[in-house]
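Chemist: Give the three-dimensional model of this entry:
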Amino acid sequence: MKEALESIRSVVRQQLESVKDLKELDNIRVKYLGKKGELTAILKQMGKLSAEDRPVIGQLANEVRSDLEHFLENTSEKIKSQLQDAKLAAETIDVTIPGKTAPMGYKHPLSIVLDEVKDIFLGMGFSVVTGPEVEKDYYNFEALNLPKDHPARDTQDTFYISDDIVLRTQTSSVQVRVMENQKPPIRVISPGRVYRSDALDATHSPLFHQVEGLVVDKGVTMADLKGTLETMVKRLYGEDAQIRLRPHHFPFTEPSAEVDVMCFHCHGEGCRLCKGEGWIELLGAGMVHPWVLQNCGIDPEVYSGFAFGVGLDRLAMRRFNIDDIRLLLDNDMRFLQQF
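Modeler: Numbers count the residues shown, from 1 in each chain. The predicted model follows:
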């Protein structure tokens, strides 16, 4: 009987090494531990043993049963883990797969436009940089020439986590971090989510997306800024697209400008889409303020630069004639599957 028990333990261990599914595992469990199983049959013969052999065989039988249950449990967990891994592998969506080759067969309009913007600027020698969305007040405001008592903060006031920590209102904070840690020449774009205390409506959202650009080098002028923006707009909207710069004020640029694109619907003649003006406001831009350069440790007497910031949501809305920003955020599959 002792040899039979040891044989069962050895045979079961060998069999479990090749088990591939839970059904096969359950068959082994029934064969050896079931009511009519081989181990159960041996235990039923314990009464035939002598008083001297019964305790020894009984202890061995309990050890073999415990070992079998342990082997079976471990094998069960191993099979379940393998099945789960196989299921997850089959369901995995590779978010890096572009456009129509993605498993869902569509791509978010923001992702489409962002990829195009990245390609445009990478082709002009820019790098793509990112930074924290939960930002220090210094990087979001003060280093950009917006001290705590500056009235321009009222239009950008964001969600505060503490007196010195905010949800960033612009990705300009990333530009400050770049200028602090990199010597000119600098050519970067910084895309990402930003937050402002705006009421949600067709054209405003407390959460939206920006792409900001920064160039710092010797001899950079407004002509470089205009040429860069013209290249972006023509690549996005076609070679016949035109822009114009209007004087404006931003605390972190001087001089500053609002940049309009000629209405792609009426081509400057005036229509409902552009409210009869022939032009549609697209972004803000300007030459980096000398104080901002100085705050970041760059000598404004040697270097100059330009910066611009554009709402990615606005670019996508213009590109695809979307008239409500909420459509970009609602995750409505009926809308998203159009892209």
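Chemist: so where's the stretch 1-150 of the chain uncertain?
Modeler: 1, 12, 47, 49, 91-106 (pLDDT under 70).
Chemist: correct me, but Ala285 touches Val259?
Modeler: Yes: using C-beta atoms under 8 Å, Ala285 is in contact with Val259, at 5.5 Å. Heads up, the C-betas are built off the backbone N, CA and C, glycines and all.
Chemist: Comparing the two, which residue is more hemmed in?
Modeler: Relative neighbour count places Ala285 above the other of Ala285 and Val259, with 27 against 24, counting by other C-beta atoms under 10 Å.
Chemist: Which residues lie in contact with the more buried one in this structure?
Modeler: Leu225, Leu229, Leu245, Thr253, Ser256, Ala257, Val259, Phe306, Ala307, Phe308, Gly309 (C-beta atoms under 8 Å, 6 or more residues apart in numbering).
Chemist: what sits in contact with each of Ala285 and Val259?
Modeler: In contact with both Ala285 and Val259: Leu229, Leu245, Phe308, using C-beta under 8 Å, 6+ apart.
Chemist: What values do phi and psi take at the nearest residue to the second one once chain neighbours are set aside?
Modeler: If I follow you right, that is Leu245. Residue nearest to Leu245 in three dimensions, not counting chain neighbours: Ala257, with 4.1 Å by C-beta to C-beta, 6 or more residues apart in numbering. Phi and psi for Ala257, reported as degrees, to the nearest 10, are phi -150, psi 150.
Chemist: from what I can see Ala257 touches Gly286, true?
Modeler: Yes: the pair Ala257 and Gly286 qualifies as a contact (C-beta under 8 Å) at a distance of 5.7 Å.
Chemist: what touches both of those two?
Modeler: With C-beta under 8 Å, 6+ apart, Ala257 and Gly286 have common neighbours His248.
Chemist: Tell me the spacing between Leu25 and Leu39.
Modeler: 16 Å (C-beta to C-beta, to the nearest Å).
Chemist: Break down the stretch 151-300 of the chain into its helices, ranges please.
Modeler: Secondary structure of the stretch 151-300 of the chain, counting by DSSP state H, counting those that start in this stretch: helices at 172-181, 222-237, 290-295.
Chemist: Out of those, flag the one nearest Glu69.
Modeler: Among the helices of the stretch 151-300 of the chain, helix 172-181 comes nearest to Glu69, with 58.0 Å by C-beta to C-beta.
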